[in-house]
Each structure stands twice: as structure tokens, then as C-alpha cells.
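Chemist: I would like to see how this sequence folds:
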Amino acid sequence: VFSGEEIVGGIYLDHRFVILDVPAAAKDRLPAWAALCAVAIRFREQEASLRGSRATAVSAPPAREPGPAAESRTEFARELDDFFGLASANPDMLDLFDTIRGVSGSNIPVLIYGESGTGKTILAQAIHLASSRAAGPFVTLSCGAIPETLIESELLGHAKGAFTGAESEREGLLSQADGGTFFLDNIEDMSIDMQTRLLRVLEDGKVRPLGSKRTLLVDIRVISAARADLERLVRKGTFRQDLYYRIKGLQLDVSALRERWEDIPALAGLLFSRHDELKRAPQFAEGVVELLARYHWPGNVRELENEMRRLATLGIHEISIDDVSPELVGRGGPGLAVGGARASLERIVNEAEREAVEAALKRFGGNKSRAAQWLSITRKALYRRLRKYGIHSSRAESAAAAADRNEDEQGPAEEAGRGG
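Modeler: Numbers count the residues shown, from 1 in each chain. So this is what the prediction gives:
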């Protein structure tokens with residue numbers, strides 16, 4: 001059993017009473033079985049290592065007296081384990097967890113990139129609860145959920161009579177977050193005007209509610225989350241460059257679920273157990289795990305949790321393909337056949353992924369931005385795959401660069417045309 005170039009175990013077939021004559025068909029499946037065994041072994045090794053590290057950290061003298069905040073941190077650490085699966089076999093996720101632990105004692109601003117449903121809010125809460133501000137408030141603003149006419153009063157607060165309908169004084173979210181963490185979700189949806197006001201608060205730490213002559217001092221740590229590439233929005237002129245560098249003290253990239261397919265079986269089991277009344281682990285019939293691994297998961301972990309919650313609520317403990325939602329069966333990605341001619345599960349997935357990346361680049365003439373969008377991954381994730389599979393094309397790269405420049409130049413012009 002290999003994990004990369006390292007031998008991590010072996011498979012031994014035997015019977016106490018008869019001499020085994022293993023069919024050729026079964027021998028063809030052995031590489032796939034070995035690949036799955038390697039993933040399981042790595043799960044256990046990494047889990048033991050991470051649990052040991054956590055035990056060492058917990059045994060260290062506490063920085064402050066234990067209390068409700070410390071208990072909350074411990075409990076939330078367990079929830080983070082269950083949600084993300086800290087025993088992940090995905091290198092990107094393991095790097096992410098290491099980074100989170102590394103900045104736990106810092107107040108550095110954090111910018112989290114990830115698709116909807118990947119758990120950006122939970123990640124922000126985990127960073128807050130692992131910091132020295134854990135006893136302080138954690139305040140969230142979803143920038144796209146509040147109308148532009150109301151977001152200013154939500155952020156800054158207002159005095160009584162500041163505007164029609166302001167019948168009483170109201171504390172703003174920035175003031176509520178004083179001493180704690182302020183989480184800005186979908187920050188790319190914030191208007192330029194509000195970006196300017198937010199930048200002013202972050203620079204001088206002062207908030208003046210609408211209609212008030214009082215200036216309030218606030219001490220906050222900002223964690224932001226975005227689905228879109230903010231650097232690209234800066235080039236287009238729809239996001240302030242100074243605010244971008246202010247909030248991007250540390251960048252974290254949360255992988256989409258389809259990019260960490262090796263974690264899906266274990267994560268599905270954890271999510272099912274969370275919603276099952278008896279906290280049982282599910283039993284997957286033949287073909288179900290492969291089906292879950294090849295599905296595209298546009299809703300990411302949130303969609304997987306919804307599926308496991310549905311099955312647990314219906315009391316379906318032994319899950320067959322007929323029990324899975326129809327859309328999961330009908331919208332799988334590239335075929336993931338089991339037991340091919342000595343083809344391991346990992347090689348099958350890699351080949352399908354490489355073909356998909358090459359097809360996307362060919363379809364869009366080497367434009368990496370459009371190829372990444374078509375594949376529903378970030379540009380950074382696409383570049384990782386280009387390096388992984390050794391896909392090089394100077395013509396594609398030059399075409400991509402030219403396309404990016406044209407797109408950046410046309411963006412403001414088109415907006416100006418619509419404004420005129």
C-alpha cells in the first residue's frame with residue numbers, strides 16, 4: 001500500500017482452511033483497494049498527530065483564568081473537527097489548519113477566500129475563539145444581505161431623530177464589536193462609498209454614529225470573506241486598493257469540496273452522525289461512496305450536510321444509491337469507474353481532472369480566468385493543477401494574459417457607458 005512514494009502498509013489475503021484462488025477480476029481491483037486503504041491509514045496517522053499536538057497545547061499553562069470563553073473554545077474546536085475533518089488527507093486543507101493554529105495568538109487581519117458553502121463563517125469564528133479576543137464579541141455583517149440605504153446605519157449606528165424612522169438611538173455593528181472580532185462576509189458586495197467609510201474606521205479606530213456629535217473609539221480585529229478575486233476588482237476599479245491591503249494581512253483559501261474528494265466519505269459519515277438521533281455512523285452500500293466522490297458539489301459542504309441530514313432524518317442508516325437524491329445521481333462529474341485494468345482510484349481521478357483542465361484551456365484559448373470560472377474553481381486552484389500535471393503552454397499563457405488585460409480595460413469602460 002503506497003502513499004505517494006512511501007510504503008504505508010500491505011494487503012494480505014488468506015484463509016484458514018482452503019487455498020485461495022483469487023479471480024483475475026479481484027486482482028484487478030486490488031490497486032483501487034490499496035489506494036483507499038492508504039487514505040484510511042493517512043487519516044489515522046494525521047488524526048493521532050493532530051490530537052497529540054492539541055493535547056500538548058491544552059496541557060500548557062493557560063494564559064488566563066478558565067471560564068465560559070475557554071469552555072466555548074474547547075467545544076467549538078470539536079465542531080470545527082467535525083465540520084472540516086481535521087484528519088483530512090488533502091494537503092491544502094492540512095496547510096490551512098496549520099496556518100490557523102499559527103496565527104491563533106495574533107490580531108492580524110485575515111482575508112478568507114472560498115465559494116459559498118465552504119464554511120468561511122465557521123472558519124472566522126474558529127480564528128476568533130482561538131485568539132486573545134475570544135471573550136469579546138464576534139459580530140457578523142453580510143455585506144450583500146443589507147440594502148445600500150441601510151448599511152451605513154447598520155455599520156455606524158445612529159442617534160435618535162437622525163433620519164425619518166429613527167425613533168431611538170441604535171448602536172452600530174462596529175461599536176458592538178469593540179474588544180472582539182468584526183467579520184465582513186461577501187465584502188466584495190460593499191459599495192465604494194461604504195468601503196471609504198469602513199477604511200476610515202480601520203485607520204483611526206473612530207466611529208461617529210449618524211446624526212451624533214459624539215465620536216466613539218473602537219478596538220476591533222477584522223476578518224473578511226470573499227467569493228470573488230478582490231485583486232481583480234481592484235484593477236477594475238470596483239474595490240479600493242488601500243482597503244484591500246488593509247484587510248489582507250493574511251490570506252486563507254478554503255478548498256471547494258470537489259477539490260478534496262478524498263475527504264468526502266469520512267466527512268459524509270461525520271455529518272450523518274451529527275444529525276442522527278442515535279449518533280450512528282452510516283453504512284454505505286456498494287457504489288455510494290464512488291457516487292459521492294464524483295459529484296460536483298456546487299453547494300460544497302453545506303450541500304453535503306443537507307443530504308446527510310435528510311437521510312438521517314428519514315432514518316435511513318444503510319444507504320444505497322436509490323436513497324441518494326436524484327440530482328446527485330444525475331449530475332456527477334467525470335466517470336469514476338471502479339476496478340478498471342489495474343487503475344487505482346487516485347489515478348482515475350487525476351486523469352479525469354487533467355483532461356477537464358486541458359479541455360477548459362482549449363475551449364477558452366488559454367484564458368485561465370475563464371477556464372477557472374468554467375471549471376468552478378479559483379485561479380489559484382487552477383494554477384496548482386497546472387503545476388501538478390505539468391501543463392505548460394506559452395501560447396495559452398500569452399493568450400490568457402492578453403485576455404485578462406482586455407477584460408480589465410473593458411470593465412470600467414463598459415460601466416462608464418452604462419452610467420452615461
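
Chemist: these two touch, right, Glu167 and Lys160?
Modeler: Yes - Glu167 is within contact range of Lys160, at 6.8 Å (criterion: Cβ atoms under 8 Å). Placement of C-beta: from N, CA and C, glycine included.

Chemist: ok, these two, which is more surrounded?
Modeler: Of the pair Glu167 and Lys160, Lys160 is the one with more neighbours under other Cβ atoms under 10 Å, namely 11 against 8.

Chemist: Could you report the pLDDT at that one?
Modeler: pLDDT, Lys160: 72.

Chemist: what does Ile112 give?
Modeler: pLDDT, Ile112: 95.

Chemist: how near is the nearest residue to Met194 once chain neighbours are set aside to Ser131?
Modeler: Leaving aside its sequence neighbours, Met194 sits nearest to Ile151 (Cβ to Cβ, 6 or more residues apart in numbering; 5.7 Å). Distance of Ile151 to Ser131, computed by Cβ to Cβ, to the nearest Å: 26 Å.

Chemist: can you pull the contacts of the residue nearest to Met194?
Modeler: 141, 143, 190-191, 194 (Cβ atoms under 8 Å, 6 or more residues apart in numbering).

Chemist: can you give me the strands for the stretch 1-150 of the chain?
Modeler: 2-3, 6-7, 110-113, 138-142 (DSSP state E, counting those that start in this stretch).

Chemist: Nearest to Leu291 among those would be which one?
Modeler: Set against Leu291 and scored by Cβ to Cβ, the strands of the stretch 1-150 of the chain come closest in strand 2-3, at 24.4 Å.

Chemist: Of the contacts of Ile151, keep whichever come out buried.
Modeler: Buried subset of those (neighbour count, 16 or more other Cβ atoms under 10 Å): 141, 143, 190, 194.

Chemist: Just give the number of residues close to Glu152.
Modeler: 17.

Chemist: hang on, isn't it packed against Thr196?
Modeler: No - counting by Cβ under 8 Å, Glu152 stays clear of Thr196, with 11.0 Å between them.

Chemist: Skipping its backbone neighbours, what lies nearest Glu188 in space?
Modeler: Using Cβ to Cβ, 6+ apart, the closest residue to Glu188 is Ala228 (4.4 Å).

Chemist: gap between Glu193 and Arg200?
Modeler: Actually, residue 193 is Asp. It isn't Glu. 11 Å.

Chemist: thinking again about what came up before, just flag the most distant two among the contacts of Ile151.
Modeler: Leu141 and Ser191 (13.3 Å).

Chemist: mind showing which ranges of the stretch 1-150 of the chain have poor pLDDT?
Modeler: Scanning the stretch 1-150 of the chain for pLDDT under 70 picks out 3-5, 14-30, 32-33, 35-36, 39-40, 42-89.

Chemist: could you pull out the helices for it?
Modeler: With DSSP state H, counting those that start in this stretch, the ranges of helices along the stretch 1-150 of the chain come out as 24-59, 68-80, 91-102, 120-129, 148-156.

Chemist: so the last one versus strand 138-142, what angle?
Modeler: To tie it back to what came earlier, the one meant is helix 148-156. 170 degrees (axes from the mean of the first three to the mean of the last three Cα atoms, to 10 degrees).

Chemist: Run a quick neighbour tally on Glu154.
Modeler: 16.

Chemist: Does it touch Ile146 like I think?
Modeler: Yes - using Cβ under 8 Å, Glu154 makes contact with Ile146 at a distance of 5.6 Å.

Chemist: ok so, going back, may I see the strands of the stretch 1-150 of the chain arranged in TSV, with distance to Ser273 as well?
Modeler: Shown next, in TSV, are those (distance: least, Cβ to Cβ, whole Å):
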stretch	distance to Ser273
strand 2-3	26
strand 6-7	31
strand 110-113	27
strand 138-142	27
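
Chemist: Any idea which of those gets closest to Asp276?
Modeler: Asp276 lies closest to strand 138-142 among the strands of the stretch 1-150 of the chain, at 28.9 Å (Cβ to Cβ).

Chemist: What residues of the closest one count as buried?
Modeler: Counting neighbours by 16+ other Cβ under 10 Å, strand 138-142 gives 138-141 as buried.

Chemist: do the same with stretch 275-286
Modeler: The neighbour-count check on stretch 275-286 (16+ other Cβ under 10 Å) flags 276, 282, 284 as buried.

Chemist: And this structure, what are its domain boundaries?
Modeler: 1-61, 63-161+169-253, 261-333, 350-420 (automatic domain parsing).

Chemist: now, which of the buried residues of strand 138-142 sits nearest Glu115?
Modeler: Among those, and counting by Cβ to Cβ, the member closest to Glu115 is Thr140, at 18.3 Å.

Chemist: Would you mind measuring from the closest one to Val8?
Modeler: 42 Å.

Chemist: Where does the prediction get shaky in the stretch 201-350 of the chain?
Modeler: 330-348.

Chemist: where exactly do the strands run in it?
Modeler: 206-207, 216-217, 221-226, 250-253, 283-284, 318-319.
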